[in-house]
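Engineer: Provide a 3D model corresponding to the input given below.
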Amino acid sequence: MATPGPIMTSGSRKEAVARIRMVAGSGSIQVNGRPADQYFPKGPVQTAIRQPLVVANAEGRFDIIIHVTGGGVHGQAGAVRHGIARALLAHDAELRAPLRKAGLLTRDPREKERKKYGHKRARKGFQYSKR
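Structural biologist: Next comes the predicted model:
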């Protein structure tokens, strides 16, 4: 069930990539060398990154060290959430069903659409004028 030593995984969302290192401990979460509630100060984002731990009933059992790069705040939070869910799955394979049911193991495939030449943005065309 439990693997000896740290569990190393990665998670991603949009342009953000999070590398997760999870070890048995007291429940502290460090993101880029700072506590998670300092790095992600908004409440809904903090809830999102702790969601896999709540689903797995593993709050306070692991120390998690995270290095996250790229993207914005919400993309990084999604990447962290994805990586923590993968780390919990690597720790205990029986958590697959509840994590899958909560939608935490699926990488969100939505990406930014590229800008097309001759247009102002990805989808915005020119205003149509009949006359």
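Engineer: Tell me which other helices or strands the lengthiest helix in the chain touches.
Structural biologist: For the chain, the helix that runs over the most residues, judged by DSSP state H, is helix 73-91. In terms of contact count using 3 or more CB pairs under 8 Å, 6 or more residues apart in numbering; DSSP states H and E, helix 73-91 is assigned the packing partners strand 7-13, strand 16-24, helix 43-55, strand 62-69, helix 96-101. Where you see a C-beta, it was placed from the backbone N, CA and C, and this is true even at glycine.
Engineer: and residue 130, which of the ones you listed is closest to it?
Structural biologist: Judged by CB to CB, the one of the helices and strands packed on helix 73-91 that comes nearest to residue 130 is strand 7-13, at 43.0 Å.
Engineer: Would you mind checking the average pLDDT for that closest one?
Structural biologist: Model confidence over strand 7-13 averages 96 on the pLDDT scale.
Engineer: which helices and strands sit right next to that strand?
Structural biologist: Contacting strand 7-13 under the criterion 3+ CB pairs under 8 Å, 6+ apart are the following elements: strand 16-24, helix 73-91.
Engineer: Against residue 6, how distant is the residue nearest the centre of the chain?
Structural biologist: Against the mean C-alpha coordinate of the chain, by CA atoms, centre = their mean, the closest residue is residue 79 at 2.3 Å. Going from residue 79 to residue 6 by CB to CB, to the nearest Å gives 19 Å.
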